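> give me a model of this one.
(2 chains)
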There are 2 protein chains.
Amino acid sequence: MKRRYLVIILLLTCYTISHAQTTTQKSTIIDSVFVCPPCGSCDYQTFDKAGKCPMCGMTLISMSLNDFKKQLNLKPVTVCFYIQDGVELLDFAGPMEVFTTAGFHIVTVSKTKSELHTNGLSFIPQYSIKDAPKADVLVVFGGSFAATVADTAVISWIRAQRTTASYFLSVCTGAYILGKAGILDNMTATTYFLQIDNLQKAFPNTKVLANTRFVDNGNIITTAGISAGIDGALHLVEKLRGRDYAKSIAQTIEYDKWIPEQGLVLNKGN
Amino acid sequence: MKRRYLVIILLLTCYTISHAQTTTQKSTIIDSVFVCPPCGSCDYQTFDKAGKCPMCGMTLISMSLNDFKKQLNLKPVTVCFYIQDGVELLDFAGPMEVFTTAGFHIVTVSKTKSELHTNGLSFIPQYSIKDAPKADVLVVFGGSFAATVADTAVISWIRAQRTTASYFLSVCTGAYILGKAGILDNMTATTYFLQIDNLQKAFPNTKVLANTRFVDNGNIITTAGISAGIDGALHLVEKLRGRDYAKSIAQTIEYDKWIPEQGLVLNKGN
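Residues are numbered from 1 along each chain as shown, chains lettered A, B, ... in the order given. Below is the predicted model:
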């Protein structure tokens, strides 16, 4: 519904720009527009003069029409958050903040649509593994992960996402879930700092590294614990949208401490 | 219920320790115990030997009995999260992760108990402003804050918390909510980097600072945007529990980038 609204705005905007170009061709050619800094809610809205965005209150920035058109033509990205009961809050909330700010579409999935509990909050996932839509990225998280790792139906579903998802990201002990699904076989990975040895023992075919903020194997990324999910998500935004865009997302969420090179990026394509 | 369970564990633990001291006084005096690193779920559980916590899987650490007793005697802290519809996810999820890891008790409150929507997630608050319990700390957040600032019933309730809460913390544009309630009068404050000038204009009796991760006036703390809430929450943990404990919380959530001195701490007591 929201996406449809944005499409309507876009069509109107394109008409307005086109119309303005026709009627003002003897005076000024419009070659730039004013837009919001990325905030996930009104990134596709344009304005004809400087000021504050009436939707989110941020100060508008000037952008060339060409750059804006490039932004519009970017392939949409759908990210599936597989979330188990007892998930660690910041494990998923950090990446969710990053991906929504980047304009990615988020879906939350769990085994069933029963209420999920995290530290301080309870909520209902949008989908179960029976009706989850296809996604470009699958992300899994730590916190009470043992029951998920032991659940053959869930692990089969995670494994099956290899046929549709282009990227896999685990945060913290979510690495156990990817490992159990065979996704970390012959890969290099990391996890929560207190679980490095245990993960290595559990998955001897995976090389597990300590003291590494994230490890990128090309399509399979694992991060260290809890807050490191923010860094892993920013790294994935960088892979999909470029470093400048990822930097603008880090700036938008005031994560000034982001160091793009802090993880280990292995040369496995993509 | 969970707290009661912990109290029972404590009583049993104290009996066990006391009993062990009596029966082994001719051999070894027990002067240390094994406990979990802070994780918010089993911080009060003790074990008699090294190993992994059977509840959360973390490696147990040794602690002197005296230090453990000190930890037990700490005053419980209840933190009220006032959350409006449209709140920014990481604004509240960062502090919620920090405070739950520190063992603080969290309550979520909104104007009513209607469903709240944030970027990527929807949930029901535990309390409305009509039945919210007393709290030691009140925290407010940014994201669609304008409706809250204009709501006299909510602002009156926020203002009334001065009679019970010892600390106020705002994250991002949550500073507008504290400002409207008069809590920032004659204080120094900060907010989201794109809102510095606007906040200053809205509240001329407040000194608003840019480029400051957080500002601590003694009992009233404001932070910069979104991810800066993590730093503000860790600073409050440091005020209530000491720097070593706050450092252990930062380590637990792998927020290694925490710099305790990064904010401005004004000499106004506490």
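> show me the domain layout of chain A.
As given by automatic domain parsing, the domain ranges for chain A are A:30-73, A:74-265.
> any idea which of those is most buried?
Comparing those by mean neighbour count (mean count of other CB atoms under 10 Å in any protein chain shown), domain A:74-265 ranks first with a mean of 21. Using the backbone N, CA and C atoms, a C-beta is placed for each residue, glycine as well.
> what about that domain, distance to the chain center?
9 Å (CA atoms, centre = their mean, to the nearest Å).
> give me the most central residue, chain A.
With distances taken as CA atoms, centre = their mean, the residue of chain A nearest its centroid is residue A:99 (3.4 Å).
> now do the SS call for that residue.
At residue A:99 the chain is in helix, as set by DSSP: H, G, I helix; E, B strand; the rest coil.
> what sits closest to it if chain neighbours are left out?
Counting by CB to CB, 6 or more residues apart in numbering or on different chains, residue A:99 lies nearest to residue A:79, which is 5.1 Å off, once chain neighbours are set aside.
> report the beta-bridge partners for residue A:138.
residue A:80, residue A:168 (DSSP bridges).
> list the contacts of it.
A:79, A:80, A:82, A:158, A:161, A:165, A:167, A:168, A:169 (CB atoms under 8 Å, 6 or more residues apart in numbering or on different chains).
> wait, residue A:227 sits on residue B:253?
Yes - Residue A:227 lies in contact with residue B:253 (CB atoms under 8 Å); the separation is 5.1 Å.
> just send the domains of chain A back as a markdown table, with mean pLDDT too.
Below are those laid out as a markdown table (pLDDT from 0 to 100):
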| stretch | mean pLDDT |
| --- | --- |
| domain A:30-73 | 72 |
| domain A:74-265 | 95 |
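> take those and lay them out in a markdown table including distance to residue B:93.
Output for the domains of chain A, formatted as a markdown table (distance: least, CB to CB, whole Å):
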| stretch | distance to residue B:93 |
| --- | --- |
| domain A:30-73 | 15 |
| domain A:74-265 | 3 |
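> ok, back up a step: find residues that contact each of residue A:227 and residue B:253.
Contact criterion CB under 8 Å, 6+ apart; residues shared by residue A:227 and residue B:253: A:90, B:97.
> list the residues that contact the residue nearest to the centre of chain A.
Counting by CB under 8 Å, 6+ apart, residue A:99 touches A:77, A:79, A:106, A:233, A:237, B:120.
> could you dump those residues into JSON lines and include secondary structure?
Putting these into JSON lines (three-state DSSP) gives the following:
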{"residue": "A:77", "secondary structure": "coil"}
{"residue": "A:79", "secondary structure": "strand"}
{"residue": "A:106", "secondary structure": "strand"}
{"residue": "A:233", "secondary structure": "helix"}
{"residue": "A:237", "secondary structure": "helix"}
{"residue": "B:120", "secondary structure": "coil"}
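> what is the most widely separated pair among these?
A:237 and B:120 (14.8 Å; CB to CB).
> next one: residue A:75 from residue A:104, what distance?
11 Å (CB to CB, to the nearest Å).
> what of residue A:243?
17 Å.
> quick one, helices of the stretch 101-250 of chain A?
Shown for the stretch 101-250 of chain A, the helices assigned by DSSP state H, counting those that start in this stretch span residues A:146-149, A:152-160, A:175-180, A:196-202, A:228-241, A:243-252.
> which among these is found nearest to chain B?
Closest approach to chain B among the helices of the stretch 101-250 of chain A (CB to the nearest CB): helix A:228-241, 5.2 Å.
> next to chain B, which bits of the stretch 101-250 of chain A? Give me the list.
Contact residues, the stretch 101-250 of chain A versus chain B (CB under 8 Å from any CB of the partner chain): A:101, A:106, A:108, A:119-124, A:146, A:192-195, A:198, A:224-228, A:230.
> mind listing the strands for the stretch 51-200 of chain A?
In the stretch 51-200 of chain A, the strands defined using DSSP state E, counting those that start in this stretch lie at A:61-64, A:78-82, A:105-110, A:116-118, A:121-123, A:127-128, A:137-140, A:167-170, A:188-189.
> tell me which other helices or strands the first one touches.
Packed against strand A:61-64, as judged by 3 or more CB pairs under 8 Å, 6 or more residues apart in numbering or on different chains; DSSP states H and E, are the following elements: strand A:32-35.
> check the third one too.
Other helices and strands packing on strand A:105-110, by 3+ CB pairs under 8 Å, 6+ apart, are strand A:78-82, helix A:89-101, strand A:127-128.
> output it as CSV, nothing but the C-alphas.
Written as CSV, here are the backbone C-alpha positions of strand A:105-110 (Å, rounded to 0.1, in the frame of the first residue of the first chain):
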residue,chain,number,x,y,z
HIS,A,105,11.6,-3.8,2.1
ILE,A,106,11.5,-5.9,5.3
VAL,A,107,9.4,-9.0,6.1
THR,A,108,9.4,-10.7,9.4
VAL,A,109,9.1,-14.5,9.4
SER,A,110,9.0,-17.2,12.2
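> what sits against the residue nearest to residue A:99?
Shown in contact with residue A:79 (CB under 8 Å, 6+ apart): A:95, A:99, A:104, A:105, A:106, A:107, A:135, A:136, A:137, A:138, A:139.
> export those as JSON lines, with columns for distance to residue A:214.
Listed next are the contacts of residue A:79 as JSON lines, based on distance: CB to CB, whole Å:
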{"residue": "A:95", "distance to residue A:214": "11"}
{"residue": "A:99", "distance to residue A:214": "15"}
{"residue": "A:104", "distance to residue A:214": "18"}
{"residue": "A:105", "distance to residue A:214": "23"}
{"residue": "A:106", "distance to residue A:214": "20"}
{"residue": "A:107", "distance to residue A:214": "23"}
{"residue": "A:135", "distance to residue A:214": "20"}
{"residue": "A:136", "distance to residue A:214": "19"}
{"residue": "A:137", "distance to residue A:214": "14"}
{"residue": "A:138", "distance to residue A:214": "16"}
{"residue": "A:139", "distance to residue A:214": "12"}
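> wait, which of the residues you listed is closest to residue A:34?
residue A:104 (23.5 Å).
> show me what contacts the closest one?
Per CB under 8 Å, 6+ apart, neighbours of residue A:104: A:76, A:77, A:78, A:79, A:137.
> can you tell me how far the second one is from residue A:179?
It refers to residue A:77. In this view, residue A:77 and residue A:179 are 25 Å apart by CB to CB.
> try the fourth one
When distances are taken as CB to CB, residue A:79 and residue A:179 turn out to be 21 Å apart.
> export the contacts of residue A:99 as a markdown table, with columns for distance to residue B:262.
What follows is the contacts of residue A:99, written out as a markdown table (distance: CB to CB, whole Å):
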| residue | distance to residue B:262 |
| --- | --- |
| A:77 | 33 |
| A:79 | 31 |
| A:106 | 30 |
| A:233 | 23 |
| A:237 | 25 |
| B:120 | 28 |
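> contacting residues for the nearest residue in space to residue A:112 that is not next to it in sequence?
Once flanking residues are discounted, residue A:112 sits nearest to residue A:128: 5.0 Å by CB to CB, 6+ apart. By CB under 8 Å, 6+ apart, the residues touching residue A:128 are A:109, A:110, A:111, A:112, A:113.
> JSON lines please, covering those and showing distance to residue A:206.
Formatted as JSON lines, the contacts of residue A:128 follow (distance: CB to CB, whole Å):
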{"residue": "A:109", "distance to residue A:206": "24"}
{"residue": "A:110", "distance to residue A:206": "25"}
{"residue": "A:111", "distance to residue A:206": "24"}
{"residue": "A:112", "distance to residue A:206": "29"}
{"residue": "A:113", "distance to residue A:206": "32"}
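> out of the residues you listed, flag the one nearest to residue B:211.
Closest to residue B:211, out of all of the contacts of residue A:128 and judged by CB to CB, is residue A:109, at 40.0 Å.
> give the contact list for that closest one.
A:80, A:81, A:82, A:83, A:125, A:126, A:127, A:128, A:129, A:132.
> pretty sure residue A:133 contacts residue A:106?
No - Residue A:133 is beyond contact range of residue A:106, at 11.3 Å (criterion: CB under 8 Å).
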